[in-house]
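Colleague: Sequence plus the predicted model coming up.
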Amino acid sequence: MTWFSITPSAPITIGNLTPVGQNSGQVGCRFPPNGHHLAGCLNLPTHCQLWGPFWWKFPSLYVVLPQIVYTLDVDRGPLALPDNFYRMQWVSGQWQVQPQHQEQPIELIGGRYLIEANTLKSFWYQEHWNSNNDLAHFPWTHLTLSHNSREDYQVKDEGGFFAEMTTLLDPEWAIVVKIKGNYIPPVWSSLGAGGTPVVIQSERRGQRYDWLGGSFDNSTGNSTGGILLTGALWQQGKQKSSVPYPNLPIKAYAADLPIPWQSWTKVRDRHHPGQKVQVLTPGEWLTPAGAVYLWEDDSSLLQCGPLSDAYHRDALGYGHLWLF
């Protein structure tokens, strides 16, 4: 069980190479990479499990700031981080600011920044933090690169320009994952549709973050809620339509807008009933990291980490819950 950082050598393209034209319909580059992208990059064997993606700036690991966090520092500059931040409380059937902040101007900052993982743990129980040194802006920038249409690395149409939607990770930052299982990934690999070269390195200091997937450590009882640390694809029952919360009795949740998601599945061919064909699944949505959940009763969950589902997507790091 080892932590590894993945450092790209150039901008990353994840499935968004679109023609430039009157009806090109350009879309943004999907980022961060999902579990399928990372498993391909790591050449992950089937007997292993993945945690991540998280974010690494030596020597610290960062996760997305949860949704119900707010600040009173509403007059700070556009690039300034808030000095004080708080978490909402569930009172009278709704999320509310803390009593001393009623009628004061606030700004919701959950889902808009990263927070150092150990700080998240302390902040969540204290409900207040007064240092912006433990927050960080998202360490990536979206870029649009235009170039000629190419085939086998050769220009095939001088007039056929393409727009490549890419993401550039800031210097000193890397994607970080943990591999559970007896496996060491290659030192060199590639990531994304453009095959961007990446360097994969062991991060021994990451061991102090193993609690992200450890046993629930509150001695007073079972967990009363959880924070989603990685994107999740959950279904209720056998329905393929996804929902923004796990298959548990939920009292309350706060989640960012879902991301459209499609995957391949096999269905019976309408013209040849004895055969099956691959089609894209409808009605699926990825719940982004940072969602907060409160259970209806004390949860039976005793282990933090990717929550298992019928499709075994926990093996690729989807739906990673930290319990509180």
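Modeller: It's in.

Colleague: switch to C-alpha atoms for all contacts and neighbour counts from now on
Modeller: Noted.

Colleague: what residues go with each domain of this protein?
Modeller: Residue ranges for the domains of the chain, per automatic domain parsing: 2-210, 214-323.

Colleague: how about those domains in a markdown table, adding mean pLDDT?
Modeller: Converted to a markdown table, the domains of the chain look like this (pLDDT from 0 to 100):
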| stretch | mean pLDDT |
| --- | --- |
| domain 2-210 | 87 |
| domain 214-323 | 86 |
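
Colleague: Mind putting these into JSON lines with mean neighbour count?
Modeller: Shown next, in JSON lines, are the domains of the chain (neighbours: other Cα atoms under 10 Å):
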{"stretch": "domain 2-210", "mean neighbour count": "17"}
{"stretch": "domain 214-323", "mean neighbour count": "17"}
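
Colleague: ranges for the strands of the stretch 151-300 of the chain?
Modeller: All strands of the stretch 151-300 of the chain, identified by DSSP state E, counting those that start in this stretch, fall at 154-169, 174-180, 188-191, 196-202, 225-228, 234-235, 242-243, 250-254, 259-261, 264-268, 276-280, 284-286, 292-295.

Colleague: Now do the nearest residue to Ser5 once chain neighbours are set aside against Phe58, distance only.
Modeller: Once flanking residues are discounted, Ser5 sits nearest to Val176: 4.3 Å by Cα to Cα, 6 or more residues apart in numbering. Plainly put, Val176 is 11 Å away from Phe58 if you go by Cα to Cα, to the nearest Å.

Colleague: Over to Leu302?
Modeller: 30 Å.

Colleague: what's the answer for Pro306, then?
Modeller: Distance from Pro306 to Phe58, by Cα to Cα: 24 Å.

Colleague: repeat for Tyr293
Modeller: Per Cα to Cα, Tyr293 is found 30 Å from Phe58.

Colleague: Which elements pack onto whatever helix or strand Val63 lives in?
Modeller: For Val63, the host element (DSSP states H and E) is strand 60-64. The contact analysis (3 or more Cα pairs under 8 Å, 6 or more residues apart in numbering; DSSP states H and E) places strand 60-64 against strand 49-57, strand 114-116, helix 117-126.

Colleague: Centre of the chain to stretch 251-271, how far?
Modeller: Taking Cα atoms, centre = their mean, to the nearest Å, one finds stretch 251-271 lying 16 Å from the centre of the chain it belongs to.

Colleague: Take that stretch, keep the C-alpha atoms, and write them as PDB.
Modeller: Provided in PDB are the C-alpha atoms of stretch 251-271 (Å, rounded to 0.1, in the frame of the first residue of the first chain):
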ATOM      1  CA  LYS A 251     -31.100  13.000   6.400                       C
ATOM      2  CA  ALA A 252     -29.400  15.800   4.500                       C
ATOM      3  CA  TYR A 253     -26.800  16.500   1.800                       C
ATOM      4  CA  ALA A 254     -25.100  19.300   0.000                       C
ATOM      5  CA  ALA A 255     -23.500  18.600  -3.400                       C
ATOM      6  CA  ASP A 256     -22.200  20.600  -6.400                       C
ATOM      7  CA  LEU A 257     -24.000  20.400  -9.800                       C
ATOM      8  CA  PRO A 258     -23.500  16.900 -11.300                       C
ATOM      9  CA  ILE A 259     -21.300  16.300 -14.300                       C
ATOM     10  CA  PRO A 260     -22.800  14.400 -17.300                       C
ATOM     11  CA  TRP A 261     -21.400  10.900 -17.500                       C
ATOM     12  CA  GLN A 262     -21.700   8.100 -20.000                       C
ATOM     13  CA  SER A 263     -20.200   4.600 -20.100                       C
ATOM     14  CA  TRP A 264     -20.400   1.600 -22.300                       C
ATOM     15  CA  THR A 265     -22.900  -1.300 -21.600                       C
ATOM     16  CA  LYS A 266     -24.100  -4.200 -23.700                       C
ATOM     17  CA  VAL A 267     -27.800  -4.600 -24.600                       C
ATOM     18  CA  ARG A 268     -29.700  -6.900 -26.800                       C
ATOM     19  CA  ASP A 269     -29.600  -6.100 -30.500                       C
ATOM     20  CA  ARG A 270     -33.200  -5.100 -31.600                       C
ATOM     21  CA  HIS A 271     -32.500  -6.600 -35.100                       C
END
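
Colleague: Thanks a lot, catch you later.
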